[in-house]
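Asker: need coordinates for the below:
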Amino acid sequence: MNICFLLADAANAAAGTFFGLGMVALILVIVASIFWIWMLIDALTNPALDSTSKLIWALVIFFLHLLGALIYFFVARGRRSNPVP
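Answerer: Residues are numbered from 1 along each chain as shown. Reported below is the predicted structural model:
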């Protein structure tokens, strides 16, 4: 077999792997963004929180992005008086 064909096959395999990883990363970014927006809206509409707490949680989520959304999800979201199904 010619060395050019072997190099071309290796390049195609590498490009396919790179494209696949890029698609996985894109999906993860989209899911994380949806989760971030969901937690931001949830913090602003949570009836169990007073207005000051809502503002603080919204700022935490806004400035800490995914980390803030995760903190809110595990700490404050469980205190809802009427959980969303």
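
Asker: how about the helices in the protein?
Answerer: 3-45, 51-75 (DSSP state H).

Asker: which of these is buried the deepest?
Answerer: helix 51-75 (a mean of 15; mean count of other CB atoms under 10 Å). Yep, even glycine has a C-beta here, placed from its N, CA and C like the rest.

Asker: count of residues packed around Leu49?
Answerer: Counted by other CB atoms under 10 Å, the residues lying close to Leu49 total 21.

Asker: in JSON lines: the helices of the chain, plus mean pLDDT.
Answerer: Listed next are those as JSON lines, based on pLDDT from 0 to 100:
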{"stretch": "helix 3-45", "mean pLDDT": "80"}
{"stretch": "helix 51-75", "mean pLDDT": "95"}
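
Asker: show me what contacts the most centrally placed residue in the chain?
Answerer: Geometric centre of the chain, nearest residue: Ala32, 1.1 Å, by CA atoms, centre = their mean. By CB atoms under 8 Å, 6 or more residues apart in numbering, Ala32 lies in contact with Leu66.
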